[in-house]
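# structure for this input, please:
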Amino acid sequence: MNKILGKIVEISSSENISLIAVDTGSRVLYSLVVETPETAKYLKIGEKIYLLIKETEVALAREIQNCQTSFLNQINCIVEKIISGKVLSKIVLNCETCQLKAILPTEAIKQMKLKENENVVALIKANEITIMEADG
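Alright, predicted model coming up:
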């Protein structure tokens, strides 16, 4: 599980759903949650929280310039390590102010011709990021 510390900088709510903008130090990431500031006391501007991201929810793209996507979370990274298995591969990424891990089909890695030390963009849908209160 990827875990990134950040601070809530914006909350947009409607009905029982909130889009939370979280400053991670180098960029703002977004999480879509089924909670509001009225139902979750830690949802307030300035509150420190953790963003939790499953490795299987991280997609990768090599070239995304001028490409419009619905991914709110696009993080520039460098491939640090690729651990290839027969079916799945684990990719370790150095991303701006954090490290991410992705688990992708080995066939996808082969088709991308992905190599260590290459630049990629990690793509994460807002609804795939869970938030958790930070300790203290």
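# now this structure, which segments are flagged as low pLDDT?
For the chain, the stretches flagged by pLDDT under 70 are 65-66, 136.
# for it, just list every one of the strands.
Counting by DSSP state E, the chain has strands at residues 2-14, 17-23, 28-33, 48-53, 59-61, 73-84, 88-95, 98-105, 119-124, 129-133.
# check which residues of the first one are buried.
The one in question is strand 2-14. Neighbour-count burial for strand 2-14 flags Asn2, Ile4, Gly6, Lys7, Ile8, Ile11, Ser13 (criterion: 16 or more other Cβ atoms under 10 Å). Where you see a C-beta, it was placed from the backbone N, CA and C, and this is true even at glycine.
# same question for the fifth one.
Buried positions in strand 59-61, judged by neighbour count with 16+ other Cβ under 10 Å: Ala59, Leu60.
# what sits closest to Ile91 if chain neighbours are left out?
Of all residues not flanking Ile91 in the chain, Ala102 sits nearest, at 4.6 Å (Cβ to Cβ, 6 or more residues apart in numbering).
# return the member of the buried residues of strand 2-14 nearest to Ile75.
Comparing those against Ile75 with Cβ to Cβ picks out Ile4 as the nearest, at 9.6 Å.
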